[in-house]
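**Q** Need a 3D model of the sequence below.
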Amino acid sequence: MSTIQEILATAVKHHQAGQLADAERLYRQILDVNPDHADVLHFLGVIAAQTGKTDASVDLIRRAIRLAPGNAAYYFNLGKALESQGKLAEAVTSYKRALQIQPDFAEAHSNLGNVSRNMGKLDEAVASYQRAVRIKPDYAQAQYNLGIAFQAQEKFAEAVASYQRAVQIQPAYADALSNQGVALQRLGRLDEAVACLQRAVAIKPDHMESHNNLGNALQALGQLDEAVLSYRRALQIKPNYAKAHNNLGNVLEALGKRDEAASSYQEALQIQPNYAEAHNNLGNVLEAQGKLKEAMVAYERALQIQPDYAGAYANLAQARPYTSADKNEIERIETLLDSGSLTDPQRCHLHFALGKIYDDCQDWYRAFTHFREGNALVDVTYDNEQSVAEVDAIMTHCTPPLLQKGSELGDPSELPVLIVGMPRSGTTLVEQILATHPAVYGAGELLHIASIAKDLPQDVDPALGYPACLSKLNRPTARKFAETYLDQLRSESQSVIRVTDKMPSNFLHLGLVAMLLPNARIIHCRRHPLDVCLSCYYKNFITQTGLSYTFDLRNLGLYHRQYVRLMDHWRQVLPLRMLDVDYESLVDNQEEISRTLVEFCGLEWNPECLEFHKTERDVRTASVWQVRQPIFSTSVGRWKHYDECLGPLKDALGWSS
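**A** Modelled structure (predicted):
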């Protein structure tokens, strides 16, 4: 007959092999003989926890502790059982007791960190994880947990380092790779983020979170079609994954597929009705579609669910005009702003919201104060020397001989009309006027030209870079990129003869456009320098790339000077048809300038163009509310209300009044 020790050894082997039923049978056989066998009671408690019977687990392990109070493992597993019951304070007590008995118990330090993290005590969590990895440097799980804690503190560089150590220890650690990708994205290291996440999904193809995270990184990198595929893969794995439906909606909206985006947000809300972010995003789509009342309902619903949702307040503020009668709305936002519990990005949104509201109310001092505070909270860097060098390079390489020769390389299509200029210079208004014409489709702000500029050196001569590579551009390559762009325009609408692309920053790439699309038309929107720069300063462009100069008045002035310098160059060298349109002239002489725009596009006049604000088309820019209204003159000379505040801008512009 086997002894108790022999039966126990066999039971433990079954337990370690995952044969829980066999292990439990043998443990209970021992208890029949010795009801106070502490180790057996403990092991039975562990099995109870493994099978979801946490109440039984807690009772059994506590019995073991009463019999043998000096065993650290008992307190450790009791802590795990209590943690699974949500009894976090009791779990902390158990883990700390285990560590009193065995201070070098790395797993107990790590689990104590988990509980502290779940209780919102991030500094304590970090300290516990750091103790765990000092005791056991090859403890991959603790390194991973440390990364999560750093990430929750928004210490993304430290998080990346911890995830990297976890992956060095355990190369196939898909969760660590996935989280590392998220942290790298937050640091703006997008290519590295995508590479990490691609490794994660290769290791663990059915890991839905990794596919979702990969979609986020691809979207941030501008690879929108690839992002769609990643989100759809996540949804194949888990069809009721609300976050992936929401994120798919975001990328579909960025692609201009707003009906599909709305469907994705609604799908997310069917799964998770109190998903505040999805309500807010649905509001964005409804606003872009001109459904302003429905949009405001969606924003308000987001705020009912999450009263501190600063982004929803900012969107609501942009969706309509305000008056001094909106005191309750102002007080609601100011109370939240004064609460002291917000992150800098949240405070930034609220300052921009209040700035917009006070500007509507003509309280200029308060408006500027809030806009200044909001801009100061944006952590971006603008390098004016880099902008100067970029413009210098474009002017050096884009010479009349090159552009004239290049005009023989591209596609002769007259489909594209590019509307360029500074942001907030009237590009949306011009597009809306033209898009009212039945022969024109307004495609909005497309990323395609900038994407071609980025990809071109690889096809032409990677050693040269852009724009130097334009000198080596040949006909097959030019036609390939031109056809790609034209196919994208045609996919927007098949029934028109002109498609507008109103990406303002395409003014940087007009030399490239001349070589790919020699019959394209360029409409250059101009606006008073102080008005256009101030208007940029009053819009939070944090989610848009390439606009880091908009958060500082001096930087705005410096950038505007480079923009003017380059546009002067284009007027001298560009073989394309280009029309300058002054915003102020359009406001003062709407019909005359509208007729000029239509004629420039080679079209017959259509009086509907004067009723542009009634056009039912999607608009998703900072001017979304304004283009739903008739032309008004209040935005002309707006800078005069803020004249005393604009010293840094005037100095940078070299402005003399």
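**Q** Surely residue 79 and residue 99 touch.
**A** No. Because the distance of 10.1 Å does not satisfy CB atoms under 8 Å, residue 79 is recorded as not touching residue 99. For glycine as for every other residue, the C-beta is placed from the backbone atoms N, C-alpha and C.
**Q** More neighbours: which of the two?
**A** Neighbours were tallied for residue 79 and for residue 99 using other CB atoms under 10 Å; the higher tally belongs to residue 79 (27 against 19).
**Q** For the more buried one, which non-adjacent residue is closest in space?
**A** Taking CB to CB, 6 or more residues apart in numbering as the measure, residue 79 lies nearest to residue 94, with 3.5 Å between them; neighbours along the chain are not counted.
**Q** Work out for me the element the one you found sits within.
**A** Assigned by DSSP states H and E, residue 94 belongs to helix 88-101.
**Q** Pull the distance from that helix to the chain's centre.
**A** Centroid separation between helix 88-101 and its chain, computed with CA atoms, centre = their mean, to the nearest Å, is 40 Å.
**Q** send the alpha carbons of it over as PDB?
**A** The C-alpha coordinates for helix 88-101 follow below in PDB (Å, rounded to 0.1, in the frame of the first residue of the first chain):
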ATOM      1  CA  LEU A  88      -8.100  43.800  -3.700                       C
ATOM      2  CA  ALA A  89      -7.300  45.200  -0.300                       C
ATOM      3  CA  GLU A  90      -7.400  41.700   1.200                       C
ATOM      4  CA  ALA A  91      -5.200  40.400  -1.600                       C
ATOM      5  CA  VAL A  92      -2.600  43.100  -0.900                       C
ATOM      6  CA  THR A  93      -2.500  42.000   2.700                       C
ATOM      7  CA  SER A  94      -2.000  38.400   1.700                       C
ATOM      8  CA  TYR A  95       0.800  39.200  -0.800                       C
ATOM      9  CA  LYS A  96       2.500  41.400   1.800                       C
ATOM     10  CA  ARG A  97       2.400  38.600   4.400                       C
ATOM     11  CA  ALA A  98       4.000  36.300   1.800                       C
ATOM     12  CA  LEU A  99       6.800  38.800   1.300                       C
ATOM     13  CA  GLN A 100       7.300  39.200   5.100                       C
ATOM     14  CA  ILE A 101       7.900  35.500   5.200                       C
END
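**Q** how big is the angle separating the helix or strand following that helix from helix 88-101?
**A** Where DSSP H and E defines the elements, the next helix or strand beyond helix 88-101 is helix 106-118. Using axes from the mean of the first three to the mean of the last three CA atoms, to 10 degrees, the direction of helix 106-118 lies 150 degrees away from that of helix 88-101.
**Q** what sits against the residue nearest to residue 79?
**A** 75, 76, 78, 79, 82 (CB atoms under 8 Å, 6 or more residues apart in numbering).
**Q** Quick check: nearest residue in space to the second one, chain neighbours excluded?
**A** Put plainly, it is residue 76. Using CB to CB, 6+ apart and skipping the chain neighbours, the partner closest in space to residue 76 is residue 98 (4.5 Å).
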